[in-house]
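Participant: model this:
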Amino acid sequence: MIRTVGRLQRDGYVRTQPYRSVFLTDKGKRLAEASRQRHDIVVGFLRCLGVPEAIAQADAEGIEHHVSPETLAAFRRYVVRH
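Facilitator: This next block holds a predicted model:
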C-alpha cells in the first residue's frame, strides 16, 4: 500500500501529510470522476440488457478496466437510447 500511495503521489494524484489521511489532488479528483462515470456507463449498459443490479455491479468491476473508448462510447449511446 505504501508503494501504491507513493506512486500516486509521484504522479500527482494524491498528497499526503504525516499522520493524516491521503488527499486527492485536482488531477486525482478528475481521474476518480472519470472512473466513476466509466463504471456507471458499464453498469447501465448491463442493466439495459437485463442483468440484475448486483451482478452488473460485480461484472462492471472487470469490464470497465478493459473496454476500449470506442466500445464505452457505444455503451453510452445504447444506455441513452434505452
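Participant: Now do the same for Arg36: its pLDDT.
Facilitator: Predicted confidence (pLDDT) for Arg36: 95.
Participant: could you say which helix or strand contains it?
Facilitator: In the assignment (DSSP states H and E), Arg36 maps to helix 26-48.
Participant: what's the following helix or strand after that helix?
Facilitator: Counting by DSSP H and E, the element that comes right after helix 26-48 along the chain is helix 53-63.
Participant: how about that next one: buried residues?
Facilitator: Under the neighbour-count criterion of 16 or more other Cβ atoms under 10 Å, helix 53-63 has Ala56, Ala60, Ile63 buried. Placement of C-beta: from N, CA and C, glycine included.
Participant: Check which helices and strands it sits against.
Facilitator: helix 26-48 (3 or more Cβ pairs under 8 Å, 6 or more residues apart in numbering; DSSP states H and E).
Participant: which secondary structure elements does the helix it packs on contact?
Facilitator: In this structure, helix 26-48 makes packing contacts with helix 53-63, helix 69-81, judged by 3+ Cβ pairs under 8 Å, 6+ apart.
Participant: closest to Gln9 out of those?
Facilitator: helix 53-63 (24.8 Å; Cβ to Cβ).
Participant: gap between Gln37 and Ala54?
Facilitator: 21 Å (Cβ to Cβ, to the nearest Å).
Participant: centroid residue for the protein?
Facilitator: The centre of the chain sits closest to Ser35, judged by Cα atoms, centre = their mean, with a distance of 2.3 Å.
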